[in-house]
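K.L.:
Curious how this folds, go ahead:
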Amino acid sequence: MPLVNFSNLDFNQIKTSLKDYLRANSNFTDYDFEGSNLSSIIDLLAYNTYINSYNANMVTNEVFIDSATLRENVISLAKNIGYTPRPRRSAKALVSFAIDVSDTTTVAVTLKKGIVATTSATFGGSNFTFSIPEDITVGVDENGLAIFDSITIYEGVYIQQEFSVNSRTPNQKYILTNSGIDTNLIRVNVKDSNNSTIVRKYSQSKGLFDVKSDSPVYYLQEVENERYEILFGDGIFGLPVQEPNVVQVGYIVSNGENGNNLSRLSYAGQLVNNNGASLTSNITSMVVDQQSYGGAQIESVDSIKKYAPQIYASQNRAVTTVDYEAMIPKIYPEAESVSAFGGEDLTPPKYGRVLVAVKPINGVYLSSTIKTDIQRQLKKYSVAGIVPEIVDLKYLFVETNSYVYYNENKAPSSTTVIGVCRNNINAYAESSELNQFGARFKYSKYQNVLDNSHTSVTSNITTVNMRRDLQVVLNAFAEYEICFGNRFYIKNHGHGTHGGEIGFNIKSSGFKVSGISDTLYLGDSPNQDLKTGTVFMFKLNSDTEYVIVKQNVGTIDYVKGEIMLSPINIISTVVNRGESLIEISATPYSNDVIGKQDLYLQLDTSNVLINAVTDEIASGDDVSGSNYIVSSSYSNGKLVRGKEILATSPTVRTTTAELTQQQTVTQSTQSVTVTTGMDGSTTSTTNTYSY
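P.N.:
Numbering: from 1, shown residues only. Next comes the predicted model:
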């Protein structure tokens, strides 16, 4: 019997295979393998085979980027296809301070590179240091003040390291000894010799374009333990270093994202005047103009596996939307999630354009400066005829209302059940299942999170809504388009035996318009095709009694999930979170909600409701189910979002058959700001509107 099974990785299976092989030999017929010394030899052979099989399996896995697990191997494989992993990023802050040198002859003051500030209080049990990688020099004004105004400082410790070039050391390597380095803050200088005062500054190069034989550039690559090696040119591509040159490297070792959101900083730097004399007095308190932000951890192994093949496939050019999504993190490392889509997918279409939405790691939106810079750099990779355009992302919020049934014999209290459920939902809300472009709220998984939260939970009834926040322009006529990217469910269309009011498939928070003193809300009425409808404004006489103030203020497309509002002059809104907003929500046609194109999907935990309901059947209190508490699988019947604001002068309710206009006609000529499409583009015109 030949020993043919070489695929086993289990020790016991290998040992059994060896015994079966020996038993097939006539010399070992009826041999007691368990009670003989040969058993030890078989164990040794089995162990040896097991170790070899394990090593062979690991080696095979580690030579492919898809299956490799060790960071060093993944980086090495990514390097072969020209991909450089993103390094750790230092959080940066803007600070200001001044020094009074009016009683001296000083004309300029220099803030030396290195430590500049420290945290004046403990944040999370840790102290943080902020540094600068280069000297900053400012002049003295007519009042004798040297003002360091809104200078950028970086979280981390500044470190200097020197290497003496030695021709007697073959293949000499220049490896930085610390991990956690922000490579953007590395400064490399080369002295001719140890005693020389001539220093040449080298800059980092990420390619061979425009690199000549005398270009003072260096290259960087990640090595083991998240450290970096500096490489110099060979005289063909880049200026080489040679003995007795001395390489001086300054860099900042940071704490990544842990350094974000620090605001209380104290001065701890070193100032010298134009004569090199140290200045230590008459220094004002440090003012933090902007708290620290932008800190990020080193790129993860999973991220490298995802983006390295994409960058290689794009070959440093952007043609498809996937190419743009791969290029953005390379251009803007602070990107948390990227979505690119063609202009032909818009309504109306924009041919020849690629629209890109970016969610930064720390922050909500990109600044205009960053968007302009990304767009400028993207043009280097774009093919002729395609215009990249950076657009603001739009948040699509998911809201849920859950009735969780539980066995009271297995839970201390309903409060415990609700608390555990809420903790799990919060964890789900922060997971990678959501919080990205193209994410999908998976209804069955969400219910499973609730069902598995506590052993007492027997089931749950959960309803789902989606919400967009409309940012309005106050005191000016404006036309708005609100895109949900998901089909709306029409619950009250009036063409069947529903017993409810026609429409009211969307709900809004309150707002006021010019010429009407009452708080108004948005409602909808479907057309006969149940695919489109009209939008109207109404006010409330009571929680359930409404009066339609004006019909046809907009249109609604239930299939596309789009709402268009005609020019309207809004003067105030009930909801204000730093900006005037109208919250608009609807029930999705499918409980699985997806964030399409520039819609960034989030679960709004502040609008997640959890109610604990006793399951008396499971607890044995009511086995027959006669008193079973039934929870509706449909959304609540409220007409509006939030607390209802009633009309100051109630009027007769308008029936759906009448739908008469109650508003006084006014005229006004205003500048109209028109927001159209999912890309958020705006135009302005001037017109006269009546309503």
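
K.L.:
so where's the stretch 1-150 of the chain shaky on pLDDT?
P.N.:
The stretch 1-150 of the chain contains residues with pLDDT under 70 at 1-11, 14-15, 18-38, 40, 44, 47, 50, 53-55, 57-59, 120-125.

K.L.:
quick one, what contacts K507?
P.N.:
521-522, 584-586, 638-641 (CB atoms under 8 Å, 6 or more residues apart in numbering). Placement of C-beta: from N, CA and C, glycine included.

K.L.:
An error on my part: the question was meant for S572.
P.N.:
474, 511-512, 580.

K.L.:
and with 6 Å instead?
P.N.:
S572 makes contact with K512, according to CB atoms under 6 Å, 6 or more residues apart in numbering.

K.L.:
swap in L599?
P.N.:
Residues counted as contacts of L599 (CB under 6 Å, 6+ apart) are 394, 396, 485.

K.L.:
ok, for the second one, nearest residue in space, not its chain neighbours?
P.N.:
Counting by CB to CB, 6 or more residues apart in numbering, the nearest residue to L396 once its immediate chain neighbours are dropped is L599, at 4.3 Å.

K.L.:
do you know how far that neighbour is from A357?
P.N.:
Per CB to CB, to the nearest Å, L599 is found 8 Å from A357.

K.L.:
repeat for T320
P.N.:
T320 is 16 Å from A357, by CB to CB.

K.L.:
got it, and T16?
P.N.:
58 Å.

K.L.:
More neighbours: these two, which one.
P.N.:
A357 (26 against 15; other CB atoms under 10 Å).

K.L.:
The more buried one contacts V391, doesn't it?
P.N.:
Yes: counting by CB atoms under 6 Å, A357 touches V391, with 5.4 Å between them.

K.L.:
overlap in contacts of the two?
P.N.:
Counting by CB under 6 Å, 6+ apart, the residues touching both A357 and V391 are D598.

K.L.:
what sits against the residue nearest to Y405 when sequence neighbours are not counted?
P.N.:
Leaving out its chain neighbours, the residue that sits closest to Y405 by CB to CB, 6+ apart is D615, at 4.1 Å. For D615, the contact set (CB under 6 Å, 6+ apart) comprises 405-407, 458.

K.L.:
Go again with 10 Å.
P.N.:
404-409, 456-459, 621-622, 628-629 (CB atoms under 10 Å, 6 or more residues apart in numbering).

K.L.:
just for the stretch 551-691 of the chain, where's the confidence low?
P.N.:
In the stretch 551-691 of the chain, residues with pLDDT under 70: 649-691.

K.L.:
What's the separation between I645 and G510?
P.N.:
5 Å.

K.L.:
Who has more neighbours out of these two?
P.N.:
G510 (23 against 17).

K.L.:
quick check, A427 in a strand?
P.N.:
No: counting by DSSP: H, G, I helix; E, B strand; the rest coil, A427 is located in no strand; its state is helix.

K.L.:
Hmm, it is touching V449, no?
P.N.:
Yes: in this structure, A427 is within contact of V449 by CB atoms under 10 Å, at 8.3 Å.

K.L.:
neighbour-wise, which of those two wins?
P.N.:
Neighbours per residue (other CB under 10 Å) separate A427 from V449, with V449 holding more: 18 against 10.

K.L.:
contacting residues for that one?
P.N.:
So V449 contacts 421, 424-425, 427-428, 431, 433, 442, 460 (CB under 10 Å, 6+ apart).

K.L.:
cool, I570 as well?
P.N.:
470, 472-478, 480, 511-514, 520, 580, 582.

K.L.:
Buried ones among those?
P.N.:
Among those, those classed as buried by 16 or more other CB atoms under 10 Å are 470, 472-473, 476-478, 480, 511-513, 520, 580, 582.

K.L.:
Among those residues, which lie within strands?
P.N.:
470, 477-478, 480, 511-513, 580, 582 (DSSP state E).

K.L.:
Which secondary structure state is assigned to the residue sitting nearest the centre point of the chain?
P.N.:
Nearest to the mean C-alpha position of the chain, by CA atoms, centre = their mean, lies E336 at 3.7 Å. Under three-state DSSP, E336 falls in the strand class.

K.L.:
What score does it have for pLDDT?
P.N.:
Per-residue pLDDT puts E336 at 78.

K.L.:
can you pull the contacts of the spatially closest residue to it that is not a sequence neighbour?
P.N.:
Leaving aside its chain neighbours, E336 sits nearest to I361 (4.4 Å; criterion: CB to CB, 6+ apart). Counting by CB under 10 Å, 6+ apart, I361 makes contact with 89, 257, 260, 293-297, 332-337.

K.L.:
can you redo these as a markdown table with distance to V553?
P.N.:
Below are the contacts of I361 laid out as a markdown table (distance: CB to CB, whole Å):
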| residue | distance to V553 |
| --- | --- |
| R89 | 47 |
| E257 | 45 |
| N260 | 43 |
| Y293 | 40 |
| G294 | 43 |
| G295 | 46 |
| A296 | 45 |
| Q297 | 48 |
| Y332 | 40 |
| P333 | 45 |
| E334 | 40 |
| A335 | 38 |
| E336 | 37 |
| S337 | 35 |
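
K.L.:
My guess is K643 contacts G510. True?
P.N.:
Yes: between K643 and G510 there is a contact under CB under 10 Å: 8.8 Å.

K.L.:
which residues are common contacts for those two?
P.N.:
V574.

K.L.:
what about the strands in the stretch 151-300 of the chain?
P.N.:
157-164, 174-175, 187-191, 199-204, 217-222, 228-232, 246-253, 265-267, 271-273, 278-279, 287-293 (DSSP state E, counting those that start in this stretch).

K.L.:
Just send the ones you listed back as JSON lines, with mean pLDDT, distance to L70 and mean neighbour count too.
P.N.:
As requested, the strands of the stretch 151-300 of the chain are arranged in JSON lines below (pLDDT from 0 to 100; distance: least, CB to CB, whole Å; neighbours: other CB atoms under 10 Å):
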{"stretch": "strand 157-164", "mean pLDDT": "93", "distance to L70": "26", "mean neighbour count": "15"}
{"stretch": "strand 174-175", "mean pLDDT": "92", "distance to L70": "18", "mean neighbour count": "15"}
{"stretch": "strand 187-191", "mean pLDDT": "93", "distance to L70": "29", "mean neighbour count": "19"}
{"stretch": "strand 199-204", "mean pLDDT": "91", "distance to L70": "26", "mean neighbour count": "13"}
{"stretch": "strand 217-222", "mean pLDDT": "90", "distance to L70": "13", "mean neighbour count": "19"}
{"stretch": "strand 228-232", "mean pLDDT": "91", "distance to L70": "18", "mean neighbour count": "18"}
{"stretch": "strand 246-253", "mean pLDDT": "94", "distance to L70": "23", "mean neighbour count": "21"}
{"stretch": "strand 265-267", "mean pLDDT": "90", "distance to L70": "39", "mean neighbour count": "19"}
{"stretch": "strand 271-273", "mean pLDDT": "92", "distance to L70": "46", "mean neighbour count": "19"}
{"stretch": "strand 278-279", "mean pLDDT": "91", "distance to L70": "48", "mean neighbour count": "14"}
{"stretch": "strand 287-293", "mean pLDDT": "88", "distance to L70": "32", "mean neighbour count": "16"}
